[in-house]
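S.K.: Need coordinates for the following:
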Amino acid sequence: MPSIASSLFWIALIAAIAPIVTGLIPRRLVPEVVLLLVAGAVVGPFALNIAADSEAIGILRELGLGMLFLLAGYEIDRQELSGRGGRRALYTWLFCLALAFTVVALLGMRNVISAEAAVAIAMTSTALGTLLPILKDNKLLDTRLGKTVLNHGAVGELGPVVAMAVLLSARGAVLSLIVLAVFALIAVIVAVLPGKLIHEGSWTHRLVRAGADTTAQTTVRLTVLLLVSLGVLSAVFSLDVILGAFAAGFILRRLMPEGDERLEIKLDGIAFGFLIPIFFITSGMAIDVSAVAASPGILIAFLILIVVVRGVPVFFVTKFEKVEPPFTTRESAQVALYGATGLPMIVAVTGAAVDAHQMSSDNASILVAAGAITVLLLPMLATLDEKGESVLIQRSNCSSSQSNIR
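M.R.: Next up, the predicted model:
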């Protein structure tokens with residue numbers, strides 16, 4: 001078995017090379033996340049076996065997952081999420097969940113894959129954390145389309161987490177709901193306390209600000225404390241770390257509603273420069289390539305079902321949303337393609353099902369591989385769609401200018 005040192009070397013090498021390779025690909029059509037996953041699968045125990053997961057690397061992996069969703073929660077506009085767009089995204093996700101359970105039951109997938117609830121939940125997820133760098137690179141975060149994707153993405157991450165806690169927990173649905181309520185109450189208390197202790201103008205606020213850009217890095221350390229504390233709280237309540245990380249992101253945004261550019265740059269450096277690549281590479285290492293190759297039918301079926309169950313409802317809801325100006329068919333398709341992109345939650349759901357002996361590791365690999373394919377194909381199609389539209393607009397403008405000259 002590869003040592004921790006050699007495994008870390010290969011992980012660091014992949015993380016360093018991936019963005020360079022991505023930059024060499026025309027129009028950056030292949031997201032860096034896909035390269036990290038593929039490279040992880042190549043060096044992992046099911047292929048070259050020159051890198052392996054371990055307890056130490058697993059801690060870094062969990063921190064990477066936590067940072068991914070902390071930043072995702074931080075990017076969410078709470079007013080937007082609690083407004084009409086957020087409610088519409090919630091209703092859409094609930095419809096997707098009901099549709100997923102219906103499809104799984106009708107196709108008899110329990111006999112094929114097992115863990116009916118896990119499969120249904122996995123089909124309704126949206127990889128918001130994965131989409132964030134893609135939306136940033138395409139300068140879509142502050143656009144109407146980007147905000148719509150963020151709404152569907154936030155619900156598409158939180159909804160499956162809650163569904164996992166209720167439907168996949170050994171505690172039972174009622175007790176799980178009580179545990180979630182207690183967790184939410186503690187999270188609210190955690191959100192309120194810092195505002196009371198470090199309010200504007202207080203000596204504590206001045207002390208934190210004074211150390212923000214020194215070797216103390218107080219704001220970064222407090223953010224990490226917030227993330228780890230809510231992650232530990234999630235573990236105590238036997239909830240997924242994603243829930244705690246998302247809550248930490250919401251709390252951080254509440255404390256800094258206008259944002260903090262200096263802190264954001266530092267967090268991006270820690271997250272995207274170090275921890276998040278480890279999460280994606282180790283996720284790729286868990287994919288059993290031979291198991292995926294042996295069951296191409298299940299892989300293709302699950303891939304199609306993700307698009308049908310998650311993408312199609314998002315398309316129609318966006319297309320017929322009563323906004324001015326209304327979303328075009330092209331824009332609705334883009335939102336749907338982004339909305340059907342899923343991976344981290346598929347990894348989390350299948351991991352929980354495998355741990356509970358409800359799903360085999362082979363079948364989990366197939367579902368994770370399908371999620372990885374959505375990350376490769378769907379944002380690429382959405383990006384092509386968007387760039388194609390830009391080209392048409394430019395050509396139209398050129399034609400209009402030539403007509404005016406004539």
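
S.K.: use CA for all of it now, contacts and neighbours both
M.R.: OK.

S.K.: Select the helix or strand of this structure having the lowest average pLDDT value.
M.R.: Across the helices and strands of the chain, mean pLDDT, DSSP states H and E gives its lowest value to helix 361-405, namely a mean of 65.

S.K.: What residues sit buried inside stretch 164-172?
M.R.: Within stretch 164-172, the residues that count as buried by 16 or more other Cα atoms under 10 Å are Met164, Ala165, Val166, Leu167, Leu168, Ser169.

S.K.: do the same with stretch 137-145
M.R.: For stretch 137-145, burial by neighbour count (16+ other Cα under 10 Å) applies to Leu141, Leu145.

S.K.: Ok, stretch 43-62 next?
M.R.: In terms of neighbour count (16+ other Cα under 10 Å), stretch 43-62 has its buried residues at 43-47, 50-53, 57, 60-62.

S.K.: quick one: the helices in the stretch 101-250 of the chain?
M.R.: Using DSSP state H, counting those that start in this stretch, the helices of the stretch 101-250 of the chain run over residues 116-123, 128-137, 144-167, 173-197, 203-210, 218-236, 241-255.

S.K.: Mind putting these into CSV with mean pLDDT and distance to Val375?
M.R.: Listed next are the helices of the stretch 101-250 of the chain as CSV, based on pLDDT from 0 to 100; distance: least, Cα to Cα, whole Å:
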stretch, mean pLDDT, distance to Val375
helix 116-123, 86, 13
helix 128-137, 78, 8
helix 144-167, 87, 14
helix 173-197, 86, 30
helix 203-210, 82, 39
helix 218-236, 92, 26
helix 241-255, 88, 19
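
S.K.: These: which one's closest to Phe302?
M.R.: For the helices of the stretch 101-250 of the chain, the distance to Phe302 is smallest for helix 116-123, at 8.0 Å, taking Cα to Cα.

S.K.: got the contact list for the closest one?
M.R.: Contacts with helix 116-123, where a contact means Cα atoms under 8 Å, 6 or more residues apart in numbering, come from 97, 100-101, 104-105, 109-110, 160, 163-164, 167-168, 305-306, 309-310, 342, 345-346, 349-350, 353.

S.K.: again, but for stretch 372-383
M.R.: For stretch 372-383, the surrounding residues in contact (Cα under 8 Å, 6+ apart) are 29-31, 33-34, 37, 130, 134, 138, 303, 333-335, 337-338, 340-343.

S.K.: Make a ChimeraX selection of the buried ones in those residues.
M.R.: A single ChimeraX command selects the buried members of the contacts of stretch 372-383 (16+ other Cα under 10 Å):
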select :29,30,31,33,34,37,130,134,303,333,334,335,337,338,340,341,342,343
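
S.K.: Just the ones in helices from the contacts of stretch 372-383, please.
M.R.: Val33, Val34, Leu37, Thr130, Ile134, Leu303, Ala333, Gln334, Val335, Leu337, Tyr338 (DSSP state H).

S.K.: what's the most distant pair in those?
M.R.: Maximum pairwise distance among the ones in helices among the contacts of stretch 372-383 (Cα to Cα): 25.7 Å, between Leu37 and Ala333.

S.K.: hang on, the earlier thing: just name the closest of the ones in helices among the contacts of stretch 372-383 to Leu68, please.
M.R.: Using Cα to Cα, the ones in helices among the contacts of stretch 372-383 come closest to Leu68 at Thr130, 7.9 Å.

S.K.: wait, that closest one sits on Val33?
M.R.: Yes: Thr130 is within contact range of Val33, at 7.3 Å (criterion: Cα atoms under 8 Å).

S.K.: Tabulate the ones in helices among the contacts of stretch 372-383 in JSON lines, adding columns for distance to Ile17.
M.R.: Formatted as JSON lines, the ones in helices among the contacts of stretch 372-383 follow (distance: Cα to Cα, whole Å):
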{"residue": "Val33", "distance to Ile17": "12"}
{"residue": "Val34", "distance to Ile17": "13"}
{"residue": "Leu37", "distance to Ile17": "13"}
{"residue": "Thr130", "distance to Ile17": "19"}
{"residue": "Ile134", "distance to Ile17": "18"}
{"residue": "Leu303", "distance to Ile17": "28"}
{"residue": "Ala333", "distance to Ile17": "32"}
{"residue": "Gln334", "distance to Ile17": "29"}
{"residue": "Val335", "distance to Ile17": "30"}
{"residue": "Leu337", "distance to Ile17": "27"}
{"residue": "Tyr338", "distance to Ile17": "26"}
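
S.K.: Leaving out the residues flanking it, which one is nearest to Val34?
M.R.: Nearest in space to Val34, with sequence neighbours left out and distances taken as Cα to Cα, 6 or more residues apart in numbering, is Leu376 at 5.8 Å.

S.K.: ok, the one you found to Phe302 distance?
M.R.: Going from Leu376 to Phe302 by Cα to Cα, to the nearest Å gives 15 Å.

S.K.: One more: Lys266?
M.R.: For Lys266 relative to Phe302 (Cα to Cα), the value is 38 Å.

S.K.: helix/strand/coil for Pro2?
M.R.: coil (DSSP: H, G, I helix; E, B strand; the rest coil).

S.K.: Next: the one 3 residues further on.
M.R.: Ala5 carries the three-state label helix when classified by three-state DSSP.

S.K.: Count the residues that sit near it.
M.R.: Ala5 has 11 neighbouring residues, counting by other Cα atoms under 10 Å.

S.K.: Give me the distance between it and Leu48.
M.R.: Taken as Cα to Cα, the span from Ala5 to Leu48 is 16 Å.

S.K.: hmm, back to that, can I get the buried residues of stretch 43-62 in a markdown table including secondary structure?
M.R.: Below are the buried residues of stretch 43-62 laid out as a markdown table (three-state DSSP):
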| residue | secondary structure |
| --- | --- |
| Val43 | helix |
| Gly44 | coil |
| Pro45 | coil |
| Phe46 | coil |
| Ala47 | coil |
| Ile50 | coil |
| Ala51 | coil |
| Ala52 | coil |
| Asp53 | coil |
| Ile57 | helix |
| Leu60 | helix |
| Arg61 | helix |
| Glu62 | helix |
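
S.K.: Distance to Asp260 and pLDDT for the residues you listed - can I get that in a markdown table?
M.R.: A markdown table is the format used below for the buried residues of stretch 43-62 (distance: Cα to Cα, whole Å; pLDDT from 0 to 100):
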| residue | distance to Asp260 | pLDDT |
| --- | --- | --- |
| Val43 | 38 | 95 |
| Gly44 | 38 | 92 |
| Pro45 | 41 | 92 |
| Phe46 | 43 | 89 |
| Ala47 | 43 | 91 |
| Ile50 | 41 | 95 |
| Ala51 | 38 | 94 |
| Ala52 | 37 | 91 |
| Asp53 | 35 | 88 |
| Ile57 | 30 | 94 |
| Leu60 | 25 | 93 |
| Arg61 | 26 | 91 |
| Glu62 | 25 | 90 |
